[in-house]
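> have a look; sequence and predicted model below, questions after that.
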Amino acid sequence: MSTVRRYLKKHTEALVKAVGIEKACEIAGKSKATLGRYYSDAPEHAERFIPIDVVAALESASRYPHVTTALAEINGLTISFDADARNSSESRCVNSDVIALSQRFAMLMSEYSQSIEDGVITVNEAKRMLRETLALQKVLLEMKLHLEEEVVTG
């Protein structure tokens with residue numbers, strides 16, 4: 001079994017155990033045996049991996065996105081995870097908006113740089129850049145709302 005496959009299976013196991021096997025079975029709608037096969041390193045289960053919809057469901061119940069982080073690391077990416085800010089609707093200040101804006105712009109430029117290396121932007125590369133552009137737009141909108149709030153309350 002390749003190193004990448006072993007790595008994914010290890011993180012799948014960590015996710016299932018973080019949620020708890022019984023709860024994971026309930027969330028996933030799978031048996032203990034089926035979940036076990038997803039992270040088993042036995043040769044007969046080498047090609048069996050956890051479905052992405054099950055990963056999403058389990059990670060929403062977990063305190064940490066084990067499999068998502070592993071996938072990012074395999075692809076040379078890092079993700080920032082802040083459990084306290086996850087799905088938070090708390091208002092941020094303009095300073096944090098400026099930081100988020102610069103980070104998002106840097107990510108967009110990184111995607112552009114990678115996409116244009118060969119002189120051609122593929123459909124998948126364009127989709128990734130579009131996602132970054134939309135994330136940048138969201139940060140700009142949040143910043144605009146915070147600035148308007150400052151004008152009204154200031």
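Happy to help now that I have it. Residues are numbered from 1 along each chain as shown.

> residues contacting the closest residue to Ala70 other than its chain neighbours?
Excluding the flanking residues, the one nearest Ala70 by CB to CB, 6 or more residues apart in numbering is His11, at 3.8 Å. In this view, the C-beta of every residue, glycine as well, is placed from N, C-alpha and C. Shown in contact with His11 (CB atoms under 8 Å, 6 or more residues apart in numbering): His66, Val67, Thr69, Ala70.

> give me the distance between His11 and Ala24.
The gap separating His11 from Ala24 is 14 Å, by CB to CB, to the nearest Å.

> how about the residue minimising distance to the centre of the chain, what does it touch?
Nearest to the mean C-alpha position of the chain, by CA atoms, centre = their mean, lies Thr68 at 5.2 Å. Contact analysis of Thr68 by CB under 8 Å, 6+ apart lists Val55, Glu59, Ile79.

> any idea which element it lies in?
helix 66-74 (DSSP states H and E).

> and stretch 111-128, which residues are buried?
Neighbour-count burial for stretch 111-128, counted by 16 or more other CB atoms under 10 Å, picks out Glu111, Tyr112, Ser115, Ile121, Glu125, Arg128.

> in helices, which of those residues appear?
In this view, the buried residues of stretch 111-128 that belong to helices under DSSP state H are Glu111, Tyr112, Ser115, Glu125, Arg128.

> how about the second one, what does it touch?
Put plainly, it is Tyr112. By CB under 8 Å, 6+ apart, the neighbours of Tyr112 are Met129.

> try Pro51
If you count contacts by CB under 8 Å, 6+ apart, then Pro51 has nothing around it.

> from Thr34, how far out is it?
For Pro51 relative to Thr34 (CB to CB), the value is 10 Å.
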